[in-house]
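Engineer: Take a look and give me a structure for this.
(2 chains, ligands or ions: 1)
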Amino acid sequence: MSGAFRIPAAGRLKQAKTARFSFDGQSYTGIEGDTLASALLANGVHLVGRSFKYHRPRGILSAGAEEPNALVQIVRDDARKTPNVRATVQELYDGLAANSQNRWPSLSFDVGAVNDLASPMFSAGFYYKTFMWPKAAWKSLYEPKIREAAGLGVSPDRPDPDHYSSRYAHCDVLVLGGGAAGIAAALAAAETGVRVILADEQAEFGGSLRFESGARIDGQDGFAWAQGAVAKLAAMDNVRVLPRTTAFGYYAQNFVGLVERVSDHLKAPGHDLPRERLWQVRAKRVVLASGAIERHMVFANNDRPGVMLAGAARTFLNHYGVAVGRNVGVYTANDSAYAAAIDLKKAGVNVAAIVDLRDNPTGPVIDEARALGIEINFGRAVIRAGGKLRVSSMTVQPKNGGGERTIPVDAILMSAGWTPSVHLFSQSRGKVAFNDETKRFVPGTYAQDCVSVGACNGTDGLSGTVDEAYAAGAKAAKDAGAKAGKGSKPKVDASESWSRGMLGAAPGAGPDTTVKAFVDFQNDVTAKDIRQAVHEGMRSIEHVKRFTTNGMATDQGKTSNMHGLAIAAETLGKPIPEVGLTTFRAPYTPVTFGSIVSHARGPLFDPTRKTAIHPWAERQGAVFEDVGQWKRAWYFPKGGEDMHAAVDRECVGVRTNAGLFDASTLGKIEVVGPDAAKFMELLYTNPWEKLEPGRCRYGIMLREDGFIYDDGVVGRLAPDRFHVTTTTGGAPRVMNHMEDYLQTEFPHLNVWLTSITEQWAVIAVQGPKSRDIIAPLVEGIDMSDEALPHMSVREGKICGVPTRLFRMSFTGERGFEVNVPADYGQAVWEALWAEGQKHGAVAYGTEAMHVLRAEKGYIIVGQDTDGTVTPNDAGLDWAVGKKKTDFVGIRGMMRPDLVAKGRKQLVGLKTKDPKVVLEEGAQIVEDPRQPIPMKMIGHVTSSYWSQNCGRSIALALVAGGRDRMGDTLYVPMPDGVIEVEVTGMVFFDETGGRLNG
Amino acid sequence: MLLIRCPYCEEERPELEFRNAGEAHIARSGNIAGESDDDFEKFFFIRSNPKGIIYERWRHIHGCARFFNAVRDTVTDKFVMTYKAGEPKPSKLPKNGNEGVAK
Ligand SMILES: [Zn+2]
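Structural biologist: Just a heads-up that it's a prediction; the model follows:
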């Protein structure tokens, strides 16, 4: 037996297919097709959680995605412990294990419930008022404790082992919501042949047809019609049907985010299935058929387990075959709760009484209830619910006061009316309009190509809904370019009537200030809290919301917003539209990080770029560093060396014999065309027209503001062809900068730009023996100093493959950079390495490269410059063509501030104690005895131990630095002040003789 | 995510393929080195930042890589129209921004 409250004759589930599950360690039996909520109710379990603030016992309020109370943790294994799962949405599978949340030590005895007794302390604005003083205690004391006490669920503490997938889709008509309206709209659109996607958050389509026992369409029970219609749609080639799929966000230009729950309902999902799938859909037209959500009645203790929405009770009965009690009471302000009473009565459940706040309503459901012998009380209110862990009674009183009467019940079904779900419409930037007659916000002005149909549009009754939806589906298809359809509209044979309800607090919600009449169950906001917020001066609904936290929980106030608004409006004495509705934001229901991140995590989070020589460096035991997306060999430790020892050995090795360095990551751009030299003149500060083919030049690129943007050596291969190098990190932005000027400012120039970074592997061979290493492998290039002087480039062959051989140096030694097609990079490196071994060459990494260039005072853009440094500041005036009349940055450089005295200039620093190595970024002062805060005149940009110099060296930006040569300055550090002397930037081989050494 | 019509590719492509490149129709002087401080300030620093219609540059960087101009409403975030770099600032805008882009 799948629960004592299962009624075999009721519902649509197959009784034979049982599924075992556990809740808080207790075993139960349910039926396949149950939700966790229906299975618990079938077993008579109403108490499923504790509330957020007061730790009050809570039951199941709804049967759908709007559920505020029944949040549980689903545990599959140690890594899969999903918190805050709505029991009303979680489908049952055999072996499902769920735990209640937010209680200690147990659900029925929760120590935190003392908050309920102390609740006068916890009223609206409590957090703001109580914990603002002393300020420092908020972070260290109050916040952690509050979070601990009030948290919703527990996060998993291991990496998520599941995988998630992501799809893009395009369609003509996207229909969101698969109730009668959505299905009718999808049928109309699909019959025209256009591409249609129909999505619904439930496992089965049908929406409110799940509980509307009175609905008949095309001669069938409404729900059966829905299944048939969706099966027909699913079989059409132009239709995609997505069950278990929630549209959570509506973005610009009909771009909608949906998340499909693929395997959370399966007992043992295979690893070939993602857990969830993110759909990013671009639709020509969107049909919103998101339905309506029932509101609860606001009265004292309306949160007791067993007090639930009338429509939910009907769903549990008519779909799942579960009676939510044996002796139920009904409290309503509209007709739809009568249908719940009638259905339950017919199923054999005792209906103790219907309490209707309205004075003398009439209608067929009221007649039918009366005919079934159900006691009906008009003009009366339920002023409180009795019981604690489960409702035990309802106390009834005439709504204007008078004698009380307490009726024993084990469930109260309530309905204050239905709120159109305008969430997605509002997210699309549509403006809602208040219908004063029906007291509903409905879609008003549209901002996108979408249309609302059915209950979410405020359309009452099944017939009207199907008419409207079918017409809207056909029109959406037509607007998307379809011809006329050939189907026929579904015929509604019987339907249930809808009526308006009431908003705000019922008489049982105070004014007694000790009464807890909940408006927002998940955030524990009562009617009193809303009134108090107004009394304390909140006027806008946005302020009331933040002060009370009404509607700010994970359910985003799906059941509470309208009540909160109505109570605020009543207290303010203003009409509802003047108080305004809070903004609806995505996501409609919570979305996992997994589905948004999808496969973009771990190694796939960001691409990793590796050079052709990377495997060789790996084999040599190189330690790598990340430079942007690149992995670069940082240093090559030998025989247990630490970084310091390895770098010292590499630096000395390069200057003693030679070193090989993988420079492949340098950005490389080919500038080609009849106007290539003219273009270079405009993009770089240097003159290029007169540079002979075969020669190189160090180029500086500025932004229009006159500050250094990038630098690099440029070789002229031919009159119309330049091989430009950029910094490793700067390659993409330099390319963008060049393209921008070429396309928009200098489009008259006949030039092509091509990124060649990945096409050429670059092997730097530097040091006195560099030529001896390269020469035996080179064909067709005269390697003599006369034929190939410093700063020249030749094309020829090395190891039989084409090369662009640069004679250049970033170390101050005689040096070469061997460019070969990337596919040959590793082979040529290995040949050079073998040759190098004969000459005592070392392999060196980026750290040694940095030290060696700093010994020579060569700057690194982005390290020694920071976007506010001019060529003059960096001591690079020599690289600016004095006779040029135009280049990018020429005017910026003349700005008054950029030519003023006292600018920060790049200089060298030597510590008085040669053993002390400064910290990069350290601040520099003139006088260390000044009071704090001291006047800072500059900072250290580069600093290293130089084994070649036998001392530390540093570069720094210092105000008026070049006028301070020989001066003593100070670098205050936490453990003392360091004395430094201002020097030139070149620390090694000041005459530069070694370039030809 | 917006859809942007590239006037070179002549189709709408997702925003991910594009990069904004600042305000359009700010001409760089042919004699920039001779400009006064005031003129350079206007050219380099001053931008209109309107509430409403803005003329701006975009680049179809992950597509054809061309720079082009767009008219966008900064209130609704809607693209009114796009046109090629070098074409004059349109004197008349299409009535319905959305349709202008779609066509
Ligand atoms: Zn394009």
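
Engineer: gap between the host helix or strand of residue A:247 and the chain center?
Structural biologist: Using DSSP states H and E, residue A:247 falls within strand A:245-251. How far strand A:245-251 lies from its chain's middle: 14 Å, per Cα atoms, centre = their mean, to the nearest Å.

Engineer: pLDDT at residue 28, what is it?
Structural biologist: Going with chain A. Turning to residue A:28, the model gives it a pLDDT of 97.

Engineer: ah, no, chain B please
Structural biologist: Note on residue B:28: pLDDT of 96.

Engineer: Next: residue A:3.
Structural biologist: With respect to pLDDT, residue A:3 has a value of 89.

Engineer: Report the central residue of the chain.
Structural biologist: Because you didn't say which chain, this covers chain A. Most central in chain A under Cα atoms, centre = their mean is residue A:596, positioned 6.4 Å from the mean C-alpha point.

Engineer: picking that back up, tell me the strands beside the strand holding residue A:247, with direction?
Structural biologist: Using DSSP bridges, the neighbouring strands of strand A:245-251 in the sheet come out as strand A:255-261 (antiparallel).

Engineer: I'd like the distance from the helix or strand just after the strand it pairs with to the chain centre, please.
Structural biologist: Using DSSP H and E, the helix or strand that follows strand A:255-261 in sequence is strand A:276-288. When distances are taken as Cα atoms, centre = their mean, strand A:276-288 is centred 18 Å away from the chain's centroid.

Engineer: Identify the residues contacting residue A:211.
Structural biologist: Counting by Cβ atoms under 8 Å, 6 or more residues apart in numbering or on different chains, residue A:211 touches A:63, A:311, A:314-315, A:317-319. From N, CA and C alone the C-beta is placed, and that goes for glycine too.

Engineer: Ok, residue A:541 next?
Structural biologist: A:564-565, A:568, A:579-582.

Engineer: Repeat that for residue A:589.
Structural biologist: By Cβ under 8 Å, 6+ apart, the contact set of residue A:589 is A:65, A:201, A:246, A:248, A:555.

Engineer: what about the third one, distance to residue A:176?
Structural biologist: Pointing back at residue A:246 there. Using Cβ to Cβ, to the nearest Å, we find residue A:246 at a distance of 9 Å from residue A:176.

Engineer: With neighbour numbers in mind, choose between those two.
Structural biologist: Set residue A:246 next to residue A:176 and count neighbours by other Cβ atoms under 10 Å in any protein chain shown: residue A:176 wins out with 31 against 23.

Engineer: Wondering if stretch A:475-485 reaches chain B at all.
Structural biologist: No - Stretch A:475-485 is not in contact with chain B by Cβ under 8 Å from any Cβ of the partner chain; minimum separation 11.2 Å.

Engineer: And that stretch, end to end?
Structural biologist: 10 Å (Cα to Cα, to the nearest Å).

Engineer: Name the residues of that stretch that come out as buried.
Structural biologist: Neighbour counts over stretch A:475-485 (16 or more other Cβ atoms under 10 Å in any protein chain shown) mark A:475-478, A:480, A:482, A:485 as buried.

Engineer: hang on, the earlier thing: so what sits against both of residue A:246 and residue A:176?
Structural biologist: The contact sets of residue A:246 and residue A:176 overlap at residue A:199 (Cβ under 8 Å, 6+ apart).

Engineer: and the residue located most distally from the centre of chain B, backbone torsions?
Structural biologist: For chain B, the residue at maximal distance from the C-alpha centroid (Cα atoms, centre = their mean) is residue B:34, at 27.4 Å. With angles defined as degrees, to the nearest 10, residue B:34 sits at phi -100, psi 10.
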